[in-house]
Each structure stands twice: as structure tokens, then as C-alpha cells.
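Visitor: need a 3D model of the following:
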Amino acid sequence: MTSMPSHGRRRGLAVLATGVAAALTLVGCSAGSKDSVSGSSSEPTSLKWAIASAPRALDTYGDFSSNANVVDALVYQNLVTLRNLKVEPSIASSWKATDSTHYVYELNPKAVFSDGNPVTADDVAYSLNRMVAPGSTSQAISHFRTLKSAEITGDNEVTVTLTQPDATWIYDPLFAPIVEKSVVEHAGSQYGAPGGTVVGSGPYEVESFSADSGIKLKLNDKFWGAKPSIKDVQFSYISDPSSLALALRSGEVDGSFGVALSQVSQFSNIDDVKLVEGDGLSVVSLMMDTETAPFDDIHVRKAFSYAWDGSTFVKNVLKGHADVANAISSPGFWTNVTSADDAKKKLASIPSYAFSMAKAKQELAQSSVPDGFTASISYPDARPELGQALQVLAQNLKKLNITLNIKEIPYAQWVTLISAHKDLTIQIAQWNPDYPDPSDFIVSQYPSSHAVQNQYNLSNYKNPEVDALINQELASTDNAERADIMQQILQKVATDDPNVNMYWPHTMMAIRAPFSYSDYNGLYYSEMWVRNIGKK
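Guide: From the prediction side, this is the model:
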């Protein structure tokens, strides 16, 4: 039903420290000057929202899933926030890079927690440092691999020191909610758990959090910015698409993010319910273990690539709610590094494997298994369209005497499977975005160092040239140079063909009248999304 938690959120490779970053200052309106909900009525109202399952914790440290992030985005403020895929100030009113490994953040002195205590530089430094402290079990730790320390350097100033240059650090503060140090230290490991303590500085505070009956947020009357017109938000847990459709029809819920593309027809004819479509910034990818037979044979991998008929699947099964992919990073990812036209040219330059059963047969004939073989693959029940894609692929593979046994498994079991990084052979996943930069998926999927447990190079792909280019890209401070390097990375990866990028799914949400939603995109869970809701 809702978007699968992103597993692109995994970084952590050695970056070669080269060059010095030019001083860069980013200044914008503070949270105190944010507009209230666009187009909404002045009468406060309640909102009932559905998510797929109960978060393990309302704190990124304890739960980094999209289910948790949707709630966290309303309860916490971070140093920065996203709006329309652009980084904007939040608790940090401005920031600058003084060199390639130091960032200075000026804090908004108006910021306060929901308990009335001010947000101090000590709280901010603690919130960042807890992610990388000895023994850290943070679910978001991959975004802080290059964080060395955060130190108080003024009454309202924190300086971050990185271990090496990191071009994507500007996004990483999105993943560290600013928490109140004394509260978290007192609560210990139970902070953010159901029924436990949660204190943030966002527009809402937690009134109740049950693992069974849902979550209720109420307006934080101490919020230091412009208050939304929605007075409270109630979250219920609905994982089944049919149940969600019934809940929308009856008015039990007002909306939900990430409607499964294969289930769109269930929602399209519900009175007073509108489907909103946005750029998903996602990719559905088939990962073939390059270290395990028969997928250690590039001819086998190319046979699978040629046997995938993406155009027909997108047209007939997904009804156009996706685009055929030829790389892991979709066009929308490039918005902050280059122009749309240049991104289109770069993607067009990447070697592709257009559907051709004749070429698939030629490749298999050159392989170590020319007479075919049998393989098994599973997919999570939360994404039924992945199963549909596998069925289409399996039908074509039959023509090559390849049997692909497909099994649906519970989402939690699937996550455990891919996180363990054992007996991978061949896997399928929808990777959802962390931040709007093509480096997001590239750095998640392709470094040799990420072919390990709890990381997501599920192809066990290892290419020293690609590793060196990734290091070079992350050390660069010039977006044009970064875009060119990432183009080279994608070209080299496509030549090695460790994965079949099957399609770039759009993201769909459902919302019930009189509410409406604007500027919907695949990073809805990384922004204060209630400000996009209007009410007629």
C-alpha cells in the first residue's frame, strides 16, 4: 500500500580526500516564516491518514522506514528540510562550507521543543553525534559515515567536521532529527518506542502512540513557526489495498501515500477520492549475484536483460504509471546537479538492452549454461507489482529453457533476507529515494564495500574503476563535474550488467475530498508534507 521503506539509504565507503571546497553559503527563510497550508480554509480541521504498519519507533535512530518518516516529518525539525526537492533551512537558518570538510550551521534562536525548552547548540550537536557514537545502532547511520564530529562553536552555532570531502553531505542532516539531549538520555533505548517519550520541535506533538491502535498527533502550541491549519493528525495502520479502498470510501481515512501501482484500479472510481501522481524518483531493479553461478557469467546476465520487455509491462500492466528504465537513477534525480536536457543526454548515452528474445538466445548460447537452468526468486507482499513483473519475465525466460520459480513472502521476511546478504543469487526490489541526487542510488548499489551484510550491493558487484569514480564524484565540489563522473559510472555499470533496471515507477497517493494535495513526489516522507494539503 504505502511506499516500501527505502533501502537506498546505505552509504559508507572510503572517499579520497582531494581538493578544497569553495566556501558556500546557503541562506533562506527560517521555519518561522514558512507559509501555512496552501489553499486551506482558516477553520482548523482533523486529518485521518493511513500508513502500512506501525513504526518500531518515532525516531530515525530507531526506525528509518517510510512509515516512521511520514510521522517523524511532522513531529521533528532537522537542521534542514526539503521542499519541492530543494534543501531549505529549518532549525539551521543558514550554513556554509568553510572548506572541504567543515560546515558551519547558524541556528534559529526561536526554535523550541514541544515541552517549551529551547533548542540549544548542545541539543543539535548531540543529535548528530549520537548517530556515530561508539556502539551506535542508528538505523540511519549510513548517512553519517563521513561525520567525524559536531561541535558547539557559538551560542547558536554548530560546526560539523567530516572525515573526508562528501558532496552529498548537504542532504545528510535530513536524517538526524533534532532531539532534546536530556530527554533522550533519560529515556535511553526506550526513547521513541510505542507508549514512550517523544519530544520534537516540529508543528505537532505525539498525543498517543500504540503499536496496535495507531498514532495521534496534536498541534504543538509551542511551535515556533507558522502553525498548520490541520489541528490534529490520526494515523491508522492499513496494509491491505482492498481494506484501504474501503476505508477511503467510508471516510474512515482521508488519504494515504504510495498506493501500489498494481492496485490503482481499486481507487480510481471511489466517489470523492482523487488519485495524485508524482515523480517517484524510484527504480525497480533485478539484482543478479555476480559471484554466484550462473549469474557470474555476463552472458547469462545479458540474456536476462534482453528478455525483459519493459515497454509492454509499463503500458499493459502499469497502465503508463511508470517509465522504462535504462539506469538506476531516473531523470528526476538530476534536478539539483544539471539541467533536464543534459540529464536526458547523459541517460541516453548509457548502453541499454532493449527487449529482444533473439539477442537473449544468442547470449545464453555463449554462456556456461546454454541449455538453460532453474532459479528461484522471492518478492515482498507489500509490492504485488514486483510479482507481476517477475511473471512477465518468467514467461519470456521459458523460451530460453530457463525456469524462474517465484514466491511471495511477507515484507518483514524479505527485508531480513536481503539484509543478511546470504544466498542472494537473484533478487528484486523497489529502491526508493533518500535525497534528490543521482549519487543516492549509485553510492548505495555499486561500491565494492557495500557487498556486505546490511548494505545493499545485492549484485556483489565489484569494479575498481567504478569504486575510484565514486570516490572522485563524492570528493568533487562542482556539480557539472559530478554529473559527468556519474554518467561514466552508469556507462561502466551498464557494460558489466550486474542488474536489470526494469522501470522507474511513478508514485501514487489517494486523498479524499474536501482535501487536496500539491507538489507530490517520491520524497514526501522527507518534508513537512501537511503544508501541501489544502481544503476547499
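
Visitor: now the helices for the protein?
Guide: For the chain, the helices defined by DSSP state H cover 66-75, 121-129, 181-187, 241-250, 264-267, 298-306, 310-316, 340-348, 357-365, 384-398, 411-420, 439-445, 464-475, 479-496.

Visitor: what comes up buried for stretch 77-84?
Guide: Buried positions in stretch 77-84, judged by neighbour count with 16 or more other C-beta atoms under 10 Å: Gln77, Asn78, Leu79, Val80, Thr81, Leu82, Arg83. (Each C-beta comes from the backbone N, C-alpha and C, glycine too.)

Visitor: now those in CSV, with distance to Pro380 and pLDDT?
Guide: Formatted as CSV, the buried residues of stretch 77-84 follow (distance: C-beta to C-beta, whole Å; pLDDT from 0 to 100):
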residue, distance to Pro380, pLDDT
Gln77, 32, 96
Asn78, 29, 97
Leu79, 33, 97
Val80, 31, 96
Thr81, 29, 94
Leu82, 26, 92
Arg83, 30, 90
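
Visitor: pick out the most distant pair among the residues you listed.
Guide: Farthest-apart pair in these is Leu79 and Arg83; separation 14.5 Å (C-beta to C-beta).

Visitor: what is the burial count for the closest residue to Asn156 other than its chain neighbours?
Guide: Leaving aside its chain neighbours, Asn156 sits nearest to Leu107 (4.2 Å; criterion: C-beta to C-beta, 6 or more residues apart in numbering). Per other C-beta atoms under 10 Å, the neighbour tally for Leu107 reads 27.

Visitor: mind giving me the domain ranges of this structure?
Guide: Following automatic domain parsing, one gets these domains for the chain: 24-276+507-535, 283-505.

Visitor: what about the last one, how long is it end to end?
Guide: One end of domain 283-505 sits 6 Å from the other (C-alpha to C-alpha, to the nearest Å).

Visitor: and stretch 290-303, which residues are buried?
Guide: Thr290, Pro294, Phe295, Asp297, Ile298, His299, Val300, Arg301, Lys302, Ala303.

Visitor: quick one: which of those residues is nearest to Leu474?
Guide: Thr290 (23.1 Å).

Visitor: ok, back up a step: which one of the domains of the chain has the poorest average confidence?
Guide: Lowest mean pLDDT within those: domain 24-276+507-535, a mean of 91.

Visitor: what's the distance between it and the middle of its chain?
Guide: Chain-centre distance of domain 24-276+507-535: 13 Å, with C-alpha atoms, centre = their mean, to the nearest Å.

Visitor: surely Pro370 touches Glu363?
Guide: No. Applying C-beta atoms under 8 Å as the test, Pro370 and Glu363 come out as separate, 9.9 Å apart.

Visitor: in terms of neighbours, single out the busier of the two.
Guide: Neighbour count, other C-beta under 10 Å: between Pro370 and Glu363, Glu363 has more, with 25 against 16.

Visitor: from Tyr353, how far off is the more buried one?
Guide: As judged by C-beta to C-beta, to the nearest Å, Glu363 and Tyr353 stand 9 Å apart.

Visitor: what residues are shared contacts of those two?
Guide: By C-beta atoms under 8 Å, 6 or more residues apart in numbering, Glu363 and Tyr353 have these common neighbours: Lys302, Tyr306.

Visitor: show me the contacts for the residue lying farthest from the centre of the chain.
Guide: Each residue of the chain has a distance to the centre, and by C-alpha atoms, centre = their mean the biggest one is for Asp371: 39.8 Å. Neighbour list for Asp371: Asn401 [criterion: C-beta under 8 Å, 6+ apart].

Visitor: on that earlier part again, hey, what's the residue nearest to Asn156 bridged with?
Guide: Beta-bridge partners of Leu107, counted by DSSP bridges, are Ala92.

Visitor: could you do the one 5 residues further on as well?
Guide: Going by DSSP bridges, Val112 is paired in beta bridges with Pro118.

Visitor: how near is it to Ser127?
Guide: 15 Å.

Visitor: out of those two, which sits in the busier spot?
Guide: Ser127 (26 against 15).

Visitor: count the residues that sit near the closest residue to the more buried one other than its chain neighbours.
Guide: Closest residue to Ser127 apart from its sequence neighbours, by C-beta to C-beta, 6+ apart: Ile178 at 4.8 Å. Other residues lying near Ile178 total 26 when counted by other C-beta under 10 Å.

Visitor: touching, Ile178 and Gln77? I think so.
Guide: Yes. Taking C-beta under 8 Å as the definition, Ile178 is a contact partner of Gln77 at 5.8 Å.

Visitor: what residues do these two have in common as contacts?
Guide: Counting by C-beta under 8 Å, 6+ apart, the shared contacts of Ile178 and Gln77 are Ile91, Ala111, Val119, Gly200, Ser201.

Visitor: out of those residues, grab the one that's most surrounded.
Guide: Ser201 (31 neighbours).

Visitor: Gly225 is in contact with that one, correct?
Guide: No. Look at Ser201 against Gly225 with C-beta under 8 Å: they stay out of range, at 9.3 Å.

Visitor: in stretch 112-127, which residues are buried?
Guide: Phe113, Ser114, Val119, Thr120, Ala121, Asp123, Val124, Ala125, Tyr126, Ser127.

Visitor: mind putting the residues you listed into CSV with distance to Ile377?
Guide: Shown next, in CSV, are those (distance: C-beta to C-beta, whole Å):
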residue, distance to Ile377
Phe113, 47
Ser114, 46
Val119, 47
Thr120, 51
Ala121, 50
Asp123, 46
Val124, 45
Ala125, 45
Tyr126, 44
Ser127, 40
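
Visitor: which one of these is nearest to Ser439?
Guide: Ser127 (23.9 Å).

Visitor: how much space between that closest one and Asn78?
Guide: Distance, Ser127 to Asn78, by C-beta to C-beta: 8 Å.

Visitor: find residues that contact each of those two.
Guide: Contact with both Ser127 and Asn78 is made by residues Ala176, Pro177, Ile178, according to C-beta under 8 Å, 6+ apart.

Visitor: which stretches in the stretch 51-200 of the chain count as strands?
Guide: 80-83, 86-89, 92-99, 102-107, 147-154, 157-162 (DSSP state E, counting those that start in this stretch).

Visitor: any idea how many residues pack against the nearest residue in space to Glu106 that is not next to it in sequence?
Guide: Nearest in space to Glu106, with sequence neighbours left out and distances taken as C-beta to C-beta, 6+ apart, is Ser94 at 4.8 Å. Ser94 sits with 15 neighbouring residues when counted by other C-beta under 10 Å.

Visitor: Ser94 and Asn108 touch, don't they?
Guide: No. Applying C-beta under 8 Å as the test, Ser94 and Asn108 come out as separate, 9.3 Å apart.

Visitor: nearest spatial neighbour of Ser526, skipping sequence neighbours?
Guide: Nearest to Ser526 is Leu82, by C-beta to C-beta, 6+ apart, at 4.9 Å.

Visitor: list the contacts for that neighbour?
Guide: Contact analysis of Leu82 by C-beta under 8 Å, 6+ apart lists Glu88, Leu174, Tyr435, Pro436, Leu523, Ser526, Glu527.

Visitor: recalculate using a threshold of 7 Å.
Guide: Residues counted as contacts of Leu82 (C-beta atoms under 7 Å, 6 or more residues apart in numbering) are Leu174, Leu523, Ser526, Glu527.

Visitor: for Pro351, same thing?
Guide: By C-beta under 7 Å, 6+ apart, the contact list for Pro351 reads Gln491, Ala494, Thr495.

Visitor: hmm, try it at 6 Å
Guide: By C-beta atoms under 6 Å, 6 or more residues apart in numbering, the contact list for Pro351 reads Ala494, Thr495.

Visitor: that one and Lys86: what is the separation?
Guide: To Lys86, Pro351 is 32 Å away according to C-beta to C-beta.
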